[in-house]
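K.L.:
Provided below are the primary sequence and the corresponding predicted coordinates.
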Amino acid sequence: MDDTSPRQDQRARITEVAARLLQEEGATALTTRGVAQAAGVQAPTIYRLFGDKDGLLEAVAEHVMTAHVSAKLAVVAAATAHDIDPLDDLKTGWMTQIEFGIAHPALFTLMSDPQRGQRSAAVASGRRVLEARVQRVAAAGRLRVTEQRAVQLISAAGVGTVVVSLSSPVGKRDAGLATAMYEAVLGQILTDAPAPADAGPFSTAVAFRALAPRLDVLSDAERRLLAEWLDRVVDSPSERSESGSAAPAT
């Protein structure tokens, strides 16, 4: 029997110990010597398993973020299966993400590094969760912007909300900031709730674009062609302007 399993077990144990230190004491506690001592191993073991301190940080970030993202995936799957209102699901995701960032300031700081975030599989998975939530809103005919722009606006506002909250003393944080920012973002990305016959051409195109990949009656090539046509429509400034369904960014 090889030593693959014991090695993985040791790596997992050290990662869990480092994650606890990160949560309780912050990033400055994640020294090679400190983690080794807390985990009951020699410092060379850290280098052997993780390469260097940065490798350890990457492993810790993935460990914590993966668990968080897995929970979000389960919520989105349940929302889809039980036909929960997509806006309720989007708000649930927003509040969960804000609360997670505020509860894990050191991890939030680590993953806010653009280069580190780009390398993170968990961050990429988290973004796909947000994209899935936004797509459900689009399919309901409620977006006044493209799905991509909605995702970008929500992400930017979420990061800003956590940064501002963390920069304030705990007792002086604005308890209503997350809700106010969420409502501000909705004002930029949502149409009013229309009756189906009253839906404008732009929001209809956005909704159809969200549904296009699910049209199994079409071939793969036909779905790709349809998606290309709809992308052209929803990305057209003139179409958005003429439809009156997109407000200028402020």
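P.N.:
Structure received.
K.L.:
burial of I154, as a residue count?
P.N.:
Residues lying near I154 (other CB atoms under 10 Å) number 23. Using the backbone N, CA and C atoms, a C-beta is placed for each residue, glycine as well.
K.L.:
and K72, by the same measure?
P.N.:
Taking other CB under 10 Å as the neighbour definition, K72 ends up with a count of 21.
K.L.:
test my guess that it contacts R128.
P.N.:
No - K72 sits out of contact with R128 when judged by CB atoms under 8 Å, with a separation of 9.9 Å.
K.L.:
name the single longest helix found in this protein.
P.N.:
Looking only at the chain and at elements set by DSSP state H, the helix with the highest residue count is helix 53-81.
K.L.:
and that one, what other elements does it pack with?
P.N.:
Taking 3 or more CB pairs under 8 Å, 6 or more residues apart in numbering; DSSP states H and E as the contact definition, the neighbouring helices and strands of helix 53-81 are helix 4-25, helix 32-39, helix 43-50, helix 86-103, helix 105-111, helix 114-119, helix 121-139.
K.L.:
tell me the spacing between D192 and V129.
P.N.:
26 Å (CB to CB, to the nearest Å).
K.L.:
look at those two and report which has more neighbours.
P.N.:
Neighbour totals were compared for D192 and V129, and V129 leads with 21 against 9 (other CB under 10 Å).
K.L.:
thinking the more buried one is in contact with V76, fair?
P.N.:
Yes - with contact defined as CB under 8 Å, V129 and V76 form a contacting pair (5.7 Å).
K.L.:
I'd like to know which of the helices and strands packed on helix 53-81 is closest to D174.
P.N.:
Relative to D174, the nearest member of the helices and strands packed on helix 53-81 by CB to CB is helix 86-103, separated by 11.8 Å.
K.L.:
ok, the closest residue to A227 other than its chain neighbours - how many residues close by?
P.N.:
If the residues on either side of it in the chain are set aside, A227 comes closest to A212, at 5.1 Å by CB to CB, 6 or more residues apart in numbering. The burial metric for A212, expressed as a neighbour count using other CB under 10 Å, is 20.
K.L.:
kindly report the same for L215.
P.N.:
The burial metric for L215, expressed as a neighbour count using other CB under 10 Å, is 13.
K.L.:
also D216?
P.N.:
Other residues within reach of D216 by the criterion other CB under 10 Å amount to 7.
K.L.:
do you know how far it is from W229?
P.N.:
As judged by CB to CB, D216 and W229 stand 18 Å apart.
K.L.:
same question, L186
P.N.:
For L186, the distance to W229 under the criterion CB to CB works out to 28 Å.
K.L.:
re earlier: which residues do V129 and V76 both contact?
P.N.:
Listed as contacting both V129 and V76 by CB atoms under 8 Å, 6 or more residues apart in numbering are G93.
K.L.:
next, S167: phi, psi?
P.N.:
When quoted as degrees, to the nearest 10, the phi and psi of S167 stand at phi -80, psi -10.
K.L.:
same check, this time on V217
P.N.:
phi -70, psi -20.
K.L.:
how confident is the prediction for it, by pLDDT?
P.N.:
Among the per-residue scores, V217 holds a pLDDT of 71.
K.L.:
so which elements touch the host helix or strand of L153?
P.N.:
When elements are assigned from DSSP states H and E, L153 belongs to helix 147-166. When contacts are defined as 3+ CB pairs under 8 Å, 6+ apart, helix 147-166 sits against helix 86-103, helix 105-111, helix 121-139, helix 177-189, helix 201-211.
K.L.:
no further queries at this time; thank you.
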